[in-house]
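Peer 1: structure for the following, please:
(chains A and B)
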Amino acid sequence: MAKMTLEELRKLRAQKQDDLQKRDIAGKDCQIIVGMGTCGIAAGAKVVLDAFLKELDDEKIENVAVTQTGCMGLCYVEPTIEVVVPGMPDTIYGKVDADVARKIVKEHIVGKKLVTDHIYDRPSVDIMKNGGR
Amino acid sequence: MHVFLCDFLLDIAQNSLEADSTMVRILISEKPESILFRVEDNGKGMSEETQKKVLDPFYTDGVKHKKRKVGLGLPFVLQTSRDFSLNSSVGKGTVVQFGFDLTDIDVPPLGNLPSTILAVFTGAPESCDVVVTREIHSDHGDSSYRVSKSELLDALQELRTAGSQNLTRQYLDGLEEDLKPYRSEHVFRIPE
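Peer 2: This is a model prediction of the structure:
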């Protein structure tokens, strides 16, 4: 990776903003919140964060907000992440690794369908059965 | 125990980000056989009494999780690092410093520094700036870079979205890549 200056970074950003306005906006108002407490970090939360960013980049999804929080109180199933997608129930996924992260992007963010085998909190059982609909 | 040295840094930096700081300064200074981390904030600080307690793995202030009785962040560092120091004063801030012997086989690998710096920047509250200084000293010369959350915010307008974060990552990867010729290969000493 060649070294970039802040000025080049600024230009790249402007260019990407233009691209964004030209096409349909996938991921608008979506949010991925990664639990970054000691428990999360020890279980590999940063690897998961990296995997989300990489997959979003590969899928060319720019405007999903990726944020962090502390421990969500589910230390036994770390790494945990919360996904907020308009029109879908807020969902807390546990035991997330890089593969699950990729799956969440493809199925939940893009496909608007829950990844039911990793849900540890929020949507009730009947909602999960219907794939979040 | 954490898998990478970067995870220790991220863990300790998180403490500073949650301490109502407006400025967090991070130093990563690498020599051929050792690495030193320093995390300095101007947040709420800790009393002498609290400073003693935080080194106990089973101490937590209980604010975030009422029933949980583990802290672990600082004790993890204490367990693995050397030259550990904690200086704090109430209302002024905290400085945590810790180093690792890179030739010790029990010391975890460094891990991915650019992704760690990105995680610290994006994990910081809006009101808090983070300045990272990364130095490397080697037998064939020294090199360093400095990067701040505020300058990236200025260039990218926001750091909240995946798009900006991926651009930041490219930028940070570039800075770190530049230091590569100065990094040393380590031959591990196995304790007898």
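Peer 1: Three-state assignment for residue B:108, please.
Peer 2: Using DSSP: H, G, I helix; E, B strand; the rest coil, the structure places residue B:108 in coil.
Peer 1: kindly report the same for the one 3 residues further on.
Peer 2: Classification of residue B:111 by three-state DSSP places it in coil.
Peer 1: tell me who's in contact with it.
Peer 2: A:46, B:3-7 (Cβ atoms under 8 Å, 6 or more residues apart in numbering or on different chains). To be clear about C-beta, it is placed using only N, CA and C from the backbone, and glycine gets the same treatment.
Peer 1: what about 6 Å?
Peer 2: Applying Cβ atoms under 6 Å, 6 or more residues apart in numbering or on different chains to residue B:111 gives the contacts B:4-6.
Peer 1: next to chain B, which bits of chain A? Give me the list.
Peer 2: Counting by Cβ under 6 Å from any Cβ of the partner chain, the residues of chain A close to chain B are A:1, A:3-4, A:6, A:9-10, A:12-13, A:16, A:36, A:38, A:41-42, A:46, A:49-50, A:53, A:56-57, A:62-66, A:68.
Peer 1: put the buried members of those residues into a PyMOL selection.
Peer 2: With 16 or more other Cβ atoms under 10 Å in any protein chain shown as the criterion, this PyMOL line picks the buried residues out of these:
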select buried, chain A and resi 4+9+10+12+13+16+36+38+41+42+46+49+50+53+56+57+62+63+64+65+66+68
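Peer 1: which ones are touching residue B:5?
Peer 2: The contact partners of residue B:5, taken as Cβ under 6 Å, 6+ apart, are B:100, B:108, B:110-111.
Peer 1: most neighbours of all the residues you listed, which one?
Peer 2: Comparing the contacts of residue B:5 by number of neighbours (other Cβ atoms under 10 Å in any protein chain shown), residue B:100 comes first, having 23 neighbours.
Peer 1: checking that residue next. Helix, strand or coil?
Peer 2: Assigned by three-state DSSP, the conformation of residue B:100 is strand.
Peer 1: just the pLDDT for it.
Peer 2: Per-residue pLDDT puts residue B:100 at 93.
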